[in-house]
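S.K.: model the structure of this input:
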Amino acid sequence: MKTNAQSVSDDLLIQVETLKSELEQEIAKRKQAEKALLESQTRDRLIFRNSAIGILFYDQNGVVTELNPKAEAIYNIKPAAAVGFNLLHKNQQKGVLKGVLDSLSGNPGYYEGKFTDCSSGRVFFKRAHYNPVYSDQNEIVGGICMVEDITQEYMTYEALAENEKKFRLLAENSVDSIFELDLEGFHQYVSPSTTEIFGYTVEETIGSHFSRYLPEAKLEEAYEVFGKVLSGESIRSYESEAIRKDGRTIIAEFSISPISKDGQIIGFQGLTRDVTAQKMAERALAASEARYRLLFESAPVAITLSDYEGNVKDFNPTALKTFGYLETDVQHVKFTDIYAEPMARAQLIQELKQYGIITEKEVRFKKKTGELLYLLVNMRVVEIEDKNYILSMLIDIGHQKQTENALKESHAKLRNLTKYLQTVRESERTIISRELHDELGQVMTAINMEASWVAKKIPDSLNTIKPRMEAISELSVGAIRSVKRIISKLRPTLLSDLGLTAAIKWEAKEYQQRTGICFEVNIAPEEFEVSEDLGITLFRIFQEATTNVIRHAGASIVVVNLMKKNNEVELTVKDNGLGFSGDDILLNESFGILGMRERVEMLDGILEILSKPEKGTTLVSRLPL
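M.R.: Numbers count the residues shown, from 1 in each chain. All right, here's what the predicted structure looks like:
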């Protein structure tokens with residue numbers, strides 16, 4: 001029998017084993033949990049990096065700690081510039097600040113609208129959700145921003161809204177009845193002027209069939225008209241008798257067009273005008289005034305009417321918006337006050353008095369706030385009530401001017417980059433040619449000397465070895481010539497030592513000896529100096545032009561003229577080869593020709609290529625000294 005001590009010991013062993021088993025299970029569970037956590041973090045990181053929505057993290061002070069590639073693209077910013085950016089201190093937009101502060105207070109934040117980037121000044125539209133980020137102790141340690149660039153969506157919505165607004169404005173103010181019918185001919189929309197023409201209210205007209213307003217004898221003709229419209233034709237003018245609510249017959253003029261959606265006709269839209277003879281004169285005058293006012297009010301360009309003294313008679317809404325005035329301001333505005341340069345207006349008035357019209361003049365104006373405007377001006381003298389007025393149409397070209405300036409700046413940067421790359425390339429060529437001369441040239445010369453020495457020391461009894469040594473010597477001589485030729489291509493020493501004219505003459509002689517093509521070189525004056533950059537450019541153009549002749553022209557004669565004329569140098573390379581048409585010049589501009597154009601434009605020069613089939617080709621380059 002077991003003693004009490006043995007029983008206790010056995011129990012302890014069982015408990016130890018049990019605890020050990022539970023501990024091992026707990027460790028296994030923790031490892032599984034850690035693995036699952038790692039996999040979850042990997043998935044989260046993958047989602048974060050590849051999300052189609054921009055994501056930013058910031059700490060409790062509003063400082064950006066991390067952002068994903070989409071956010072970098074939306075804000076057009078590098079991570080190094082974004083991380084550390086304080087959203088609370090540097091961002092002056094209230095909506096964005098409120099979103100960040102809401103999230104740091106434990107509430108979700110939201111902002112949608114125009115956003116101006118603090119660092120670049122770029123303006124776009126965004127939609128952003130701000131939410132708090134909690135620690136394991138359920139404390140707010142920062143926030144997360146989910147952002148989308150909705151510029152395109154916003155611009156599309158604004159354009160649609162503006163178009164709808166213009167249409168409704170046109171419809172509500174039109175003296176003609178504007179209507180929309182479904183395919184069955186029932187009214188879906190009519191403008192208020194329907195009541196004046198037909199006597200029915202808008203409410204009475206909506207849902208009614210168009211046949212209600214036509215005599216029975218005219219229905220067949222009307223159905224034929226709608227049949228044409230169903231085939232895609234727009235009816236500009238269709239006259240018919242019509243019946244008013246009071247039973248009176250009038251003459252109405254209709255214009256009808258199809259309404260299409262996704263390529264399918266889904267209804268009809270048009271205008272109805274009362275052209276009854278008894279009211280023709282009165283209605284014609286009213287319609288003319290309405291059309292003018294509609295054009296004036298709805299025109300997308302600024303239209304103004306003023307006298308020669310600068311007193312403003314009328315501003316259309318676009319003009320008010322352009323200059324920042326209210327309608328109540330117009331009577332107090334002097335046209336002389338909105339010119340940035342008063343003398344500019346005086347010159348325009350002088351031209352108007354002389355010619356009666358001014359077209360597309362760029363003039364600087366001032367807004368009510370003093371901000372400058374660049375406007376394209378069209379002016380005409382019109383007579384109203386026996387007095388001459390100036391009718392002006394002003395188009396805002398500020399964005400265009402900014403684009404032009406940006407394009408000029410971009411071209412300048414590209415030109416400087418090209419110049420830098422050309423300089424680097426020439427420098428590298430110089431270094432390589434020097435290395436070839438100093439290292440490889442000396443080695444090949446040493447090999448030649450050693451081979452010649454060994455050949456002289458070989459006894460006649462070893463007559464099979466001596467020819468091989470002589471062959472080695474000849475190969476080394478050939479290699480030396482190749483090295484010299486390569487050095488010449490990279491950076492002719494004559495160009496650095498004796499100048500451009502000597503280098504061109506020497507290069508032409510080399511081409512003639514190698515190809516058999518006759519080269520005629522004419523230089524006037526015989527010797528003249530140019531800058532290093534200009535000399536390299538002219539020499540490289542000469543090399544590229546002659547290389548093209550040798551490869552493609554099939555010429556037997558090449559004439560090279562290098563002339564100094566006043567303040568410019570003209571290089572002409574002319575051959576008697578195959579030539580090509582003018583269209584081929586545009587279609588087949590090789591990298592070589594493009595390279596020549598870049599070199600010439602970099603120095604503010606001009607490159608022309610003239611050619612005709614079977615008449616040869618002439619390349620002319622003019623560069624300022």
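
S.K.: when you work out contacts or count neighbours from here on, use the C-alpha atoms and nothing else.
M.R.: Noted.

S.K.: for this structure, which residue occupies the most central location?
M.R.: Nearest residue to the geometric centre of the chain (CA atoms, centre = their mean): Thr403, 9.4 Å.

S.K.: host element of that residue?
M.R.: Assigned by DSSP states H and E, Thr403 falls within helix 398-435.

S.K.: and that helix, what's its mean pLDDT?
M.R.: What helix 398-435 shows for mean pLDDT is 67.

S.K.: and the helices in the stretch 201-350 of the chain?
M.R.: Assigned by DSSP state H, counting those that start in this stretch, the stretch 201-350 of the chain shows helices spanning 202-205, 219-230, 280-298, 317-323, 342-355.

S.K.: going by mean pLDDT, which of those helices comes out lowest?
M.R.: helix 280-298 (a mean of 69).

S.K.: flag every buried residue along stretch 545-563.
M.R.: Residues of stretch 545-563 classed as buried: 545-546, 549-550, 553-555, 557-563 (neighbour count, 16 or more other CA atoms under 10 Å).

S.K.: can you tell which of the helices of the stretch 201-350 of the chain is closest to Glu22?
M.R.: Smallest distance to Glu22 across the helices of the stretch 201-350 of the chain (CA to CA): 78.9 Å, for helix 317-323.

S.K.: pull out the buried positions in that closest one.
M.R.: So, applying 16+ other CA under 10 Å, buried residues of helix 317-323: 317-320, 322-323.

S.K.: still on that earlier bit, what is the nearest of the buried residues of stretch 545-563 to Gly499?
M.R.: Here the nearest of the buried residues of stretch 545-563 to Gly499, counting by CA to CA, is Leu562; it sits at 13.1 Å.

S.K.: tabulate the CA atom coordinates of the helix or strand hosting Glu383 in CSV.
M.R.: Using DSSP H and E, Glu383 maps to strand 372-384. The C-alpha trace of strand 372-384 is given here as CSV (Å, rounded to 0.1, in the frame of the first residue of the first chain):
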residue,chain,number,x,y,z
LEU,A,372,-5.5,92.5,-61.8
LEU,A,373,-7.4,90.8,-64.7
TYR,A,374,-6.1,89.8,-68.1
LEU,A,375,-9.0,90.2,-70.6
LEU,A,376,-9.3,89.8,-74.3
VAL,A,377,-11.2,92.8,-75.6
ASN,A,378,-13.6,93.2,-78.5
MET,A,379,-15.2,96.6,-78.9
ARG,A,380,-17.7,98.1,-81.3
VAL,A,381,-19.4,101.4,-81.6
VAL,A,382,-23.2,101.1,-81.5
GLU,A,383,-25.9,103.7,-81.9
ILE,A,384,-28.7,103.7,-79.3
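
S.K.: show me what it is in contact with.
M.R.: Contacts of strand 372-384 from elsewhere in the structure, counted by CA atoms under 8 Å, 6 or more residues apart in numbering, are 340, 352, 356-367, 388-398, 401.

S.K.: got a quick ChimeraX command for the buried subset of these?
M.R.: Command for ChimeraX that selects the buried part of the contacts of strand 372-384, burial taken from 16+ other CA under 10 Å:
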select :340,352,357,358,363,364,365,366,367,389,390,391,392,393,394,395,396
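
S.K.: the contacts of strand 372-384 in helices, which ones?
M.R.: By the criterion of DSSP state H, membership of the contacts of strand 372-384 in helices covers 352, 398, 401.

S.K.: and the residue nearest to Arg236 when sequence neighbours are not counted, bridged to which residues?
M.R.: Once flanking residues are discounted, Arg236 sits nearest to Ser255: 4.7 Å by CA to CA, 6 or more residues apart in numbering. As for beta bridges, Ser255 partners with Leu271 under DSSP bridges.

S.K.: wait, isn't Ser255 in contact with Ser240?
M.R.: No. Between Ser255 and Ser240 there is no contact under CA atoms under 8 Å: 11.3 Å.

S.K.: hang on, the earlier thing: could you measure from the residue nearest to the centre of the chain over to Leu372?
M.R.: Distance of Thr403 to Leu372, computed by CA to CA, to the nearest Å: 16 Å.

S.K.: lowest-confidence helix or strand of the chain?
M.R.: Lowest on mean pLDDT, DSSP states H and E among the helices and strands of the chain sits helix 582-587, with a mean of 52.

S.K.: show the average pLDDT along the host helix or strand of Ala471.
M.R.: Using DSSP H and E, Ala471 sits in helix 466-490. Averaging pLDDT along helix 466-490 gives 70.

S.K.: distance from the chain centre to stretch 254-274, please.
M.R.: In terms of CA atoms, centre = their mean, to the nearest Å, the gap separating the centre of stretch 254-274 from the centre of its chain is 37 Å.

S.K.: other residues contacting it?
M.R.: Contacts of stretch 254-274 with the rest of the structure, by CA under 8 Å, 6+ apart, involve 175-183, 197, 229-230, 232-240, 250-253.

S.K.: just the buried ones from the residues you listed?
M.R.: 175-182, 197, 229-230, 234-235, 240, 250, 252-253.

S.K.: tell me which of the residues you listed fall in strands.
M.R.: In strands, defined here by DSSP state E, the members of those are 177-182, 235, 240, 250, 252-253.

S.K.: pick the most buried one from the helices of the stretch 201-350 of the chain.
M.R.: Highest mean neighbour count among these (mean count of other CA atoms under 10 Å): helix 317-323, with a mean of 19.
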